[in-house]
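Undergrad: what's the 3D shape of this:
(one chain, ligands or ions: 3)
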Amino acid sequence: MKPDDAVSYAQVAVLNGPAEPLHYRIPQLREPTARPGVRVLVPLGRREALGIVVDTTPTLPDPSLEKGLKDLAAVLDERPVLPEDLLRLCRWMATYYLHPLPAVLETALPPGLTAKPAIRYRLTDEGRRALLGSAAPSAGARALEEALAASGELGACELRDLPRGWKAHAHRLEEKGWIRKEFAWPSTQPTQKVIRIVQLVREPPPERLTRSRHLRGFVEVLLEAGGSCPLARIRARVPNVHYWVQKLTEEGFLRVQDREVLRESPLAQEMPPSAPASLTPEQDQVVRRVGEVLDSGGFHPLVLYGVTGSGKTEVYLALIERVLAAGRTALVLVPEIALSTQLEALFRSRFGSGLAVWHSGLSPGVRDDQWKKIVRGESPVVLGVRSAVFSPLPNLGLIVVDEEHDGSYKQEDRLRYHARDAAVMRARLVGVPVVLGSATPSLQSIHNWRLGRYELLRLEKRVEERPLPQVAVVDMRRHRGPFRVLSPELQEALRETLEQGYQAILFLNRRGFATFFLCRTCGYVLQCPHCAVSATYHQSSDRLQCHYCGWEAQIPGACPVCGKHALIPFGFGTERVEEEFKRSFPHVETVRIDRDAVSRPGQLVEHLNAFRSGKARVLIGTQMVAKGHDFPQVTLVGVINADTSLQVADFRSGETTVQLLLQVAGRAGRGDAPGRVLIQTYNPQHHAIQAAVHMDYLRFCEAELTSRQALQYPPFTRLARLLVTAPDPEAAKRVAGECAGTAEELKEAFAADDRPVALMGPAPAPIHKLKGRYRWNLYIKAWSHAHLQPFLEALMAWVAHRKLPRTVHVAVDRDPMSSL
Ligand SMILES: Nc1ncnc2c1ncn2[C@@H]1O[C@H](COP(=O)(O)OP(=O)(O)OP(=O)(O)O)[C@@H](O)[C@H]1O
Ligand SMILES: [Zn+2]
Ligand SMILES: [Zn+2]
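TA: Ligands and ions are numbered 1, 2, ... in the order given. Got it, this is the predicted structure:
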């Protein structure tokens, strides 16, 4: 029974329901009780929907809501699936990214937890006795009772076939305690794995052991295993094991227990725990400083600016060990699966089964199990990509964001969140330190350090006195033909490196063979029919492919515009690099890593292993190979075309180019031999390229910040993008125009209020058409978050009120990283 002062209203975010949470009455339910973070079933219109309780209150904010208020239909969890801090994080994200809260919660939870359960009714013992002879009031009720009496339990299929009236009766029977409602997640809840553990409670007397050889064998296996072991292990050595288990259990010598086995990441390797290396003085200093911060408690953002190969990972490990020793938990984010698989082996060797891994390469079943381990506190360390920021770690003590500058942390569809920013917010909500590590920290983090908001910690040297690599530029304006792919300088360097027995990485941020097909007669470029981008040619499949929507086609014999047979391939990607390399070095084994060559994480690990073991001597790849990897035998890195990221019309292109170049350069010389880097470019004097050559990141940042300030770009201002898309080009243009008109009016009102806001656009997005939808951008700039937030809220309120056609979408991209 509920005490009188108990809460009686729940605010529920209804999945696939309205953007705003709805109120429901909490009925005098039996256990479990409704509280924030649990899943519930609620009536919504004529259906029953799944929701998450986000708040409970004793009164309604507005008494007039009472009318028409409905009861929660069922509470599905005994313990919250979302702990309090995560719920707060989700609410913050819904506000900040102007995204419906139910959709945010759906992003935060593993897929298995957001599916709607099926209902089953089961007859209780009491019900079985009472039902006989009870008078059912309707045909539906009678049918329900008969069906229950016949089978004892009814699932969705059987219930569907019952005549009307059974629902109300089921409710009555449930109130009386005659039937019990149960929930099952049939399709998404993968079958659980269970193992049977046998435990020796006391040893059988020696005279019995001497009498039976099998019993002796049975007990020996158990004793060898330290008193308990999986039944399967005994079965392998002793016949008739079930007979013995039953007999010994009855006599009180044994105890049998079923234990749920949680599935692990398929990429995890079990390795004996490795002893931590002794830290370098620099590493030690950093660990001590963060240790102080951990001891004093509270939110504290730190930037760990450590050059490539300075041993940041070892610092993270030492910090995590401290956190674990204090009985708390730690979360480590990495930008990509490729990096997760490298760190996973290392982390596993230190933390064993205390490590949970989280990325999209895991099957839904494994993800559900990792989630369970985390919630139960069985995995105090979580390593994962972007969405791991939602790991339900209890008692969180530290968050680490590795390669914090990396653009992969930004999700570019649906909920357009930045996992690094979300991680910082989570650390703030929980009140713990957050370490943002990188050899090339984002300008935003450098800016926050200069403002005194973040503390900067540095690792200026590589471990073991290893030098940073020598970087040189190859001016590609002098080279023609195949030399445009591999310049004579790079070929010479490759030859030397391979002769000395070392390895090389060739980096190009474009996959495929040729990046476009041009008609030599009329100049037409073959395009994807669904996107306004040129189609890439893939030689391995001899087909054209769109890298944005996946469209594929044969190469047309003639130009679709002028009909001449004059189509020729231009530009090149990783596939062509591999071919050119093979032409010059036919006997050298290579491995290619890009999204064509590795379609699943298992393959990625295979390729990385082939390179690590030395079976492959040269690694060719896209940005998947550029960062974080630690291959000690690599002494040469070749950047095939440093200009690809400079060509992007974006105020961040300088920053991303330097970061990319320094990161990929940092893969060279991480072992005993020094490394060197050749950067092929058509813009040798560009300041971003020069900064990479001189490895002078901080000076680049100073210059770049000065120019950003002059131009009033982030991080000195706050930016949002309104992205309007529609299948009809006119509709997209019209709605973008209307949004801009409303934004103009709002701007006036804000200006009158001394809250200046600037607008840019509307303009067609650089990729004007994507997956069959036309796209328009409107940029909104403000000088503080406090001004931008209400502006965006007002604008989106107008959009919601305007009731646009269903096919037109208006999305907010907060702190946009991409202008495409
Ligand atoms: N104290 C130490 N003594 C000896 N070797 C170390 C020490 N700390 C780290 N290392 C080794 O140095 C190498 C580089 O370390 P790590 O991969 O952590 O670099 P990083 O700082 O993360 O670089 P990047 O930014 O390029 O990812 C690894 O092989 C690691 O095992
Ligand atoms: Zn043509
Ligand atoms: Zn396309």
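
Undergrad: what's stretch 32-43 in contact with?
TA: Stretch 32-43 is touched from outside by 7, 10, 12, 14, 22, 24, 26, 48-56, 70-84, 86-87, 113, 116-117, with contacts defined as CB atoms under 8 Å, 6 or more residues apart in numbering. The C-beta positions use only the backbone N, C-alpha and C, and glycine is treated the same way.

Undergrad: So for that stretch, first residue to last residue, what's the gap.
TA: Across stretch 32-43, the terminal residues are separated by 18 Å (CA to CA, to the nearest Å).

Undergrad: How about stretch 443-458?
TA: 16 Å.

Undergrad: And that stretch, how far out from the chain middle?
TA: 25 Å (CA atoms, centre = their mean, to the nearest Å).

Undergrad: What are the buried residues along that stretch?
TA: L443, Q444, S445, I446, H447, N448, W449, Y454, E455, L457 (16 or more other CB atoms under 10 Å).

Undergrad: so of the residues you listed, which ones are in helices?
TA: Taking DSSP state H, the ones among those that sit in helices are L443, Q444, S445, I446, H447, N448, W449.

Undergrad: now the first one, nearest residue through space, not along the chain?
TA: Think L443. Distances taken as CB to CB, 6 or more residues apart in numbering place E655 nearest to L443, at 5.6 Å, with adjacent residues excluded.

Undergrad: if we can go back for a sec, show the buried residues in the contacts of stretch 32-43.
TA: 10, 12, 14, 22, 24, 26, 49-56, 72-77, 80-83, 86-87, 113, 116-117.

Undergrad: and the protein, what are its domains?
TA: 3-93, 118-184, 202-252, 281-462, 470-512+572-709, 718-814 (automatic domain parsing).

Undergrad: Does the residue of the stretch 351-500 of the chain found nearest ligand 3 belong to a helix, a strand or coil?
TA: Using CB to the ion, the closest approach of the stretch 351-500 of the chain to ligand 3 is made by D413 at 14.8 Å. Following DSSP: H, G, I helix; E, B strand; the rest coil, the label given to D413 is coil.

Undergrad: Equivalent analysis for the one 3 residues further on, please.
TA: When states are read from three-state DSSP, the local structure at R416 comes out as coil.

Undergrad: mind listing what it touches?
TA: Counted by CB under 8 Å, 6+ apart, R416 has contacts Y97, H99, K410, A811, V812, D813, R814, P816.

Undergrad: and what of I119?
TA: G155, A156, L159, K181, E182, F183.

Undergrad: Pull the most distant pair out of those residues.
TA: L159 and F183 (13.4 Å; CB to CB).

Undergrad: neighbour count winner among these two?
TA: L159 (17 against 14; other CB atoms under 10 Å).

Undergrad: Surely that one is in contact with I179?
TA: No - in this structure, L159 is not within contact of I179 by CB atoms under 8 Å, at 11.7 Å.

Undergrad: All the strands of the stretch 201-350 of the chain, in order from the start?
TA: 228-230, 254-261, 300-306, 329-333 (DSSP state E, counting those that start in this stretch).

Undergrad: looking at the ones you listed, which is buried most?
TA: Mean neighbour count (mean count of other CB atoms under 10 Å) peaks for strand 329-333 among those, with a mean of 27.

Undergrad: per-residue confidence averaged over it?
TA: Per-region confidence: strand 329-333 scores 98 on mean pLDDT.

Undergrad: What strands line up against it, and which way round?
TA: If you go by DSSP bridges, strand 329-333 pairs up with strand 381-384 (parallel), strand 396-402 (parallel).

Undergrad: As TSV, those strands with mean pLDDT would be great.
TA: Below are the strands paired with strand 329-333 laid out as TSV (pLDDT from 0 to 100):
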stretch	mean pLDDT
strand 381-384	96
strand 396-402	97
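
Undergrad: which stretch among the ones you listed comes nearest ligand 1?
TA: strand 396-402 (7.2 Å; CB to the nearest ligand atom).

Undergrad: In the stretch 201-350 of the chain, what residue comes closest to ligand 2?
TA: Counting by CB to the ion, the stretch 201-350 of the chain gets nearest ligand 2 through E336, at 39.8 Å.

Undergrad: surely that residue meets V625?
TA: No - counting by CB under 8 Å, E336 stays clear of V625, with 10.2 Å between them.

Undergrad: Which one's more surrounded, those two?
TA: Shown here are E336 and V625; by other CB under 10 Å, V625 has more neighbours (26 against 20).

Undergrad: what about the closest residue to the more buried one other than its chain neighbours, distance to K769?
TA: Of all residues not flanking V625 in the chain, I593 sits nearest, at 5.3 Å (CB to CB, 6+ apart). Distance of I593 to K769, given as CB to CB, to the nearest Å: 30 Å.

Undergrad: Give me every residue in the stretch 401-550 of the chain that's in contact range of ligand 1.
TA: A439, V463, E464 (CB under 6 Å from any ligand atom).

Undergrad: correct me, but the second one touches S310?
TA: Meaning V463. Yes - V463 is within contact range of S310, at 6.6 Å (criterion: CB under 8 Å).

Undergrad: got any residues that touch both of those two?
TA: Q283.

Undergrad: Looking at the two, which one has more neighbours?
TA: S310 (26 against 16).

Undergrad: who touches the more buried one in this structure?
TA: E282, Q283, A439, L459, E460, K461, R462, V463.

Undergrad: buried subset of those residues?
TA: Judged by 16+ other CB under 10 Å, buried ones among those: E282, Q283, A439, L459, K461, R462, V463.

Undergrad: quick one: which of those residues is nearest V735?
TA: A439 (43.1 Å).

Undergrad: so what's that closest one closest to, chain neighbours aside?
TA: T308 is the one closest to A439 (CB to CB, 6+ apart), at 4.4 Å.

Undergrad: what's that neighbour sitting at in phi/psi?
TA: phi -60, psi 130 (degrees, to the nearest 10).

Undergrad: Mind putting the ones in helices among the buried residues of stretch 443-458 into TSV with pLDDT and distance to Q342?
TA: As requested, those are exported to TSV (pLDDT from 0 to 100; distance: CB to CB, whole Å):
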residue	pLDDT	distance to Q342
L443	96	27
Q444	96	26
S445	97	23
I446	97	26
H447	97	30
N448	97	28
W449	97	28
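
Undergrad: restrict those residues to contacts with ligand 2.
TA: Among these, not one lies near ligand 2 by CB under 5 Å from the ion.

Undergrad: residues touching the residue in the stretch 701-820 of the chain positioned nearest to ligand 3, list them.
TA: As assessed by CB to the ion, ligand 3 sits closest to K771 within the stretch 701-820 of the chain, at 6.4 Å. Under the criterion of CB under 8 Å, 6+ apart, the contact list for K771 reads H530, C531, Y548, C549.

Undergrad: now do 6 Å
TA: H530, C549 (CB atoms under 6 Å, 6 or more residues apart in numbering).

Undergrad: For V533, see how far away it is.
TA: Separation of K771 from V533 (CB to CB): 11 Å.

Undergrad: rewinding a little: tell me the one of the contacts of S310 nearest D650?
TA: Nearest to D650 among these, with distances taken as CB to CB, is A439, at 21.9 Å.

Undergrad: Run through the residues that contact the closest one.
TA: So A439 contacts V307, T308, G666 (CB under 6 Å, 6+ apart).

Undergrad: which one among the residues you listed gets closest to ligand 3?
TA: For the contacts of A439, the nearest to ligand 3 is G666 (33.8 Å; CB to the ion).

Undergrad: I'd assumed K312 was in contact with that closest one.
TA: No - the criterion here is CB atoms under 6 Å, and G666 misses it with K312 at 11.3 Å.

Undergrad: For those two, indicate the residue with more neighbours.
TA: G666 (27 against 24).

Undergrad: and the more buried one, backbone torsions?
TA: Taking degrees, to the nearest 10 as the convention, G666 sits at phi -70, psi -10.
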